[in-house]
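Participant: just coords:
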């Protein structure tokens, strides 16, 4: 589902939270996943516009939060890659 967030920016937070329970999911997580998929299905008219450029300019940004959460002391790394103004990849990992 992480790849869907590149297509639909408005579900990024929901997919990020839901992905934390991927290996220990419960009924409530399955219900949330179905709601996200229903939203995507109902908003097919939305999309991304990639602008054409004369040259390729690739930029990357990253952020690391070392032992960031007080509850579990896990680190989080986030990164994204752009081609000019166009977002190409995005990832957040604990």
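Facilitator: Everything's here; your move. Computed from a prediction, not measured in an experiment: that's the story for all the values here.
Participant: what about the longest helix in the protein?
Facilitator: In the chain, assigned by DSSP state H, the helix with the most residues is helix 27-42.
Participant: tell me which residues of it are tucked away?
Facilitator: Across helix 27-42, burial judged by 16 or more other C-beta atoms under 10 Å covers 29, 32-33, 36. Backbone N, C-alpha and C define where each C-beta goes, glycine included.
Participant: Which other helices and strands does it contact?
Facilitator: If you count contacts as 3 or more C-beta pairs under 8 Å, 6 or more residues apart in numbering; DSSP states H and E, helix 27-42 packs onto helix 4-7, helix 12-19.
Participant: wait, doesn't residue 21 sit right on residue 27?
Facilitator: No. Residue 21 lies out of contact with residue 27 (C-beta atoms under 8 Å); the separation is 11.2 Å.
Participant: so for stretch 85-94, what's the average pLDDT?
Facilitator: For stretch 85-94, the mean pLDDT works out to 79.
Participant: Quickly note the distance from residue 77 to residue 18.
Facilitator: Distance, residue 77 to residue 18, by C-beta to C-beta, to the nearest Å: 19 Å.
Participant: Lovely, talk soon.
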